[in-house]
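Visitor: the following comprises the amino acid sequence and a computationally predicted model.
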Amino acid sequence: MKKIYLFLIFLLFSATSYSQVILSLDDDRTYIDSIAAITKNAHSDSVKSIYSFKLSKLYLMIQDVQKSKEYLQQGNRLKTKFPFLNDVAIFYNSYSFLEKGDVDGFENALLEVNNKLKKYTNTEAYKIRAVALQNYGVMQQRKNNEKGYMKILVHEAIPAAKKSGDSELISGLYKAVAIIFMNNNDREKASEYLRDAQYYIEVTTKKSPTLIESKMETYIINAENLVELKRFYDAKKVLDKAYDKLQNHPESNLNDSYFYSEGLYYGKQNKNDKALESFEKGIKSAVKHQNQIALNRLKFAEYEVLFKLKNFDKAKANLEYLLEKTPFIVDQKNYYNELSKVYNATKNYDKAYFYSHKYNVINDSLNDTKFKSEIVELEAKYKKAENEKKITLLQSQNEKTALLVNNNRLNSILFAVLSVLLFLIVLFLWILNKNQKKLSIQKEINHEQELSALENQQKLSVSNALIEGEEVERKRIARDLHDGLGSMLSGLKIHLKLAEKENALSPAEINTLLDNSIKELRNISQNLMPESLLKLSLEHALRDLCMANSNAKTEIEFQYLVQKPNLPKNYEIVIYRIIQELLINALKYADASQILVSCSQNKDTFFITVEDNGIGFDVFVKSNGMGLRNIKNRVEILKGKLEIESVLHKGTSTYIELKVKNETLNG
């Protein structure tokens, strides 16, 4: 059963996996627990359902099978009212077929979810389609249909992944294509796809539990391929990127493959001592992680260096170990051949012949039919060539005299033509090269100008938006002062004048008017900069904001899930303003009876969720309002992400991720 679940995990994350080993580096339980907390506190069944499905996948990744099943059941229970979630559920439930050993059922479910999700154009649908197609391709590869796997990746999975915008997924699929080319020894083509895979994984900003492992694996595979292409300088740069991270994680099983690539890098340059040192580290790591595939690769790579150094005893021991451990007849054949070389080098010709014979027996059994057909074909070609040779000889004797007559004249003409042609080619290449240099310089100048213009335009756009927001805020403050405090003070002045004439206003009434004016002034001051935010904390300020805006019609629930808040004050002000603007919009337009405000933090990412059960709105039509623009500008200030989901007559959900810094880190 454990092997079945490991294979399930491999398929779940197959777009980011090189071998059937689950790679580990950081502990992702904190990330998973934060997602579980958001799922628990979500009021929408649709949000709870989709997050439950995702959690079932995440808990399976850390091999918590019990929790994985619990969240899968919860997702299935909550999905019934939503057509999209019913279709998505086919994907998350498909792995139950493999649990039962029903491979055909699993493959049919993957094809079904791909067809069902074609009618949706949201990013989640494209992402699930890409992973489902890639998993289906893996199953075809296991049936030795690698060509079919390649077609699925290039023509279906990668286009769907690009529409999803998930850079990590795109990188994983490019890496899968590259590995197919590496298996077929087309290293140049593999290099093109690995270059793209590395680009996409490096531009990925969305947090995921597999991101850092995917990045390290991409570096390691790319380095291995660059070494085979003898591009050692490029390979070293990529290896250094992986080492910068892995040196702090000596227990990670990514070290199994890292030291293999590092050893190849040294071995191909004849730095044999360093190569052996790297292979030894990799072997210890692979033994610790019980990674037999990596261990076999390391042992054979170590053998090749030992043979080169004429350390035949240890080289022979490696081959004997590999013969004992490998289940593949093709590998056994190759190891017999290498043993024959070792014994031949040590002049033990009896054993050299013995293993050479074993190699030939296996090779003959594998290629007997092919060998016979090749012999027949070669014999036919030989006879045909002999006959053609005789005919050619006779013809050449007959034509020899005529050829000698014209030979001198033809040589002279040919020499003249070739000289002119060579001159024209050299002239053409010189002119072409000159024009290309001019064109390249001009293109570079144009490109720099375009980049500068775009940067200036972006800065101007943000500045204009901030100025516009400030103007709106000033108008609001002026209106509050004029309509609120101004009116109260004017009324007080009138009453005081009447009191002077008629003695009609009592001191108690004057005190009441003054108290109301002071309260209004405090409200305006509170809106400008909450005192609780300056003196206490962001949590107190937000809780006061929610309580102040709650009324008989609308109940505002506030959740603050940050355990050790330590944000700089300027970050807290931006977060406060974002939530204040979201609440103003919800109270003003949503006509909601309930609003949920939730805040949480994971390392350097601050999460904000604001949900209401109001009338909703069309996000595409009303996405350019002043309120939403102010929110977007503030999110951009903290290099964050904003996502708004709204359904008419059902409510609106706003999700925000902000990049923040902690006070302790700045110190």
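Guide: The structure has been received and is ready for your questions.

Visitor: what lies in contact with stretch 112-126?
Guide: For stretch 112-126, contacts defined as C-beta atoms under 8 Å, 6 or more residues apart in numbering pick out 50, 84, 87-88, 90-91, 94, 128-129, 132-133, 136, 156, 160-161, 163-166. For the C-beta atoms, the positions are set from N, CA and C on the backbone; glycine is no exception.

Visitor: could you identify the buried members of these?
Guide: Neighbour counting with 16 or more other C-beta atoms under 10 Å marks 50, 84, 87-88, 90-91, 94, 128-129, 132-133, 136, 156, 160-161, 163-164, 166 as buried within the contacts of stretch 112-126.

Visitor: could you list which of these belong to helices?
Guide: Per DSSP state H, helices hold the following members of the buried ones among the contacts of stretch 112-126: 50, 84, 87-88, 90-91, 128-129, 132-133, 136, 160-161, 163-164.

Visitor: out of the residues you listed, give me the two with the largest separation.
Guide: Ile50 and Tyr136 (22.2 Å; C-beta to C-beta).

Visitor: quick one: contacts for Thr39?
Guide: Each residue near Thr39 by C-beta under 8 Å, 6+ apart is listed here: Val47, Lys48, Tyr51, Ser52, Leu55.

Visitor: point out where this structure drops to low pLDDT.
Guide: Within the chain, the segments meeting pLDDT under 70 span 1-28, 366-406, 455-456, 458-510, 513-529, 531-532, 622-624, 664-667.

Visitor: does Val238 really touch Ala223, like I thought?
Guide: Yes: using C-beta atoms under 8 Å, Val238 is in contact with Ala223, at 4.4 Å.

Visitor: more neighbours, those two?
Guide: Taking neighbours as other C-beta atoms under 10 Å, Val238 and Ala223 compare with Ala223 leading, 29 against 24.

Visitor: who touches the more buried one in this structure?
Guide: By C-beta under 8 Å, 6+ apart, Ala223 lies in contact with Ala235, Val238, Leu239, Ala242, Ser261, Glu262, Tyr265.

Visitor: in TSV: those residues, plus secondary structure.
Guide: TSV is the format used below for the contacts of Ala223 (DSSP: H, G, I helix; E, B strand; the rest coil):
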residue	secondary structure
Ala235	helix
Val238	helix
Leu239	helix
Ala242	helix
Ser261	helix
Glu262	helix
Tyr265	helix
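
Visitor: mark which of the residues you listed are buried, thanks.
Guide: Ala235, Val238, Leu239, Ala242, Ser261, Glu262, Tyr265.

Visitor: now those in TSV, with distance to Ile329?
Guide: Shown next, in TSV, are those (distance: C-beta to C-beta, whole Å):
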residue	distance to Ile329
Ala235	33
Val238	35
Leu239	34
Ala242	34
Ser261	28
Glu262	31
Tyr265	31
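
Visitor: tell me the one of those residues nearest Pro327?
Guide: Ser261 (24.8 Å).

Visitor: my guess is the closest one contacts Leu239, does it?
Guide: Yes: look at Ser261 against Leu239 with C-beta under 8 Å: they come within range, at 6.4 Å.

Visitor: overlap in contacts, the two.
Guide: Each of Ile220, Ala223 lies in contact with both Ser261 and Leu239 under the rule C-beta under 8 Å, 6+ apart.

Visitor: off-centre distance for stretch 632-641?
Guide: 22 Å (C-alpha atoms, centre = their mean, to the nearest Å).

Visitor: that stretch spans what distance, first to last residue?
Guide: By C-alpha to C-alpha, to the nearest Å, the extent of stretch 632-641 from end to end equals 9 Å.

Visitor: tell me the buried residues in it?
Guide: By 16+ other C-beta under 10 Å, the buried positions in stretch 632-641 come out as Lys632, Asn633, Arg634, Val635, Leu638, Gly640.

Visitor: what's the closest of those to Glu146?
Guide: Gly640 (42.2 Å).

Visitor: tell me which helix or strand the nearest residue to the closest one once chain neighbours are set aside sits in.
Guide: Distance criterion C-beta to C-beta, 6 or more residues apart in numbering; nearest residue to Gly640, sequence neighbours excluded, is Leu658 at 3.9 Å. Assessed by DSSP states H and E, Leu658 sits inside strand 651-659.

Visitor: helices and strands around that strand, which ones?
Guide: Applying 3 or more C-beta pairs under 8 Å, 6 or more residues apart in numbering; DSSP states H and E, one finds that strand 651-659 makes contact with helix 569-585, strand 605-612, strand 641-647.

Visitor: buried ones in the last one?
Guide: What it means is strand 641-647. Quick answer for strand 641-647 (16+ other C-beta under 10 Å): Leu642, Ile644, Glu645, Ser646.

Visitor: which one of these is nearest Lys553?
Guide: Nearest member of the buried residues of strand 641-647 to Lys553, counting by C-beta to C-beta, is Ser646, at 20.1 Å.

Visitor: closest one to Lys100 among the helices and strands packed on strand 651-659?
Guide: Lys100 lies closest, by C-beta to C-beta, to one member of the helices and strands packed on strand 651-659: strand 641-647, at 35.8 Å.

Visitor: not counting its own residues, what contacts the closest one?
Guide: Contacts of strand 641-647 (C-beta under 8 Å, 6+ apart): 206, 616-619, 623, 628, 631-632, 635, 652-657.

Visitor: among those, who's most crowded?
Guide: Counting neighbours by other C-beta under 10 Å, Thr652 leads the contacts of strand 641-647 with 25 neighbours.

Visitor: what's the separation between that residue and Ile644?
Guide: 7 Å (C-beta to C-beta, to the nearest Å).

Visitor: kindly report the same for Lys215.
Guide: Going from Lys215 to Ile644 by C-beta to C-beta gives 30 Å.
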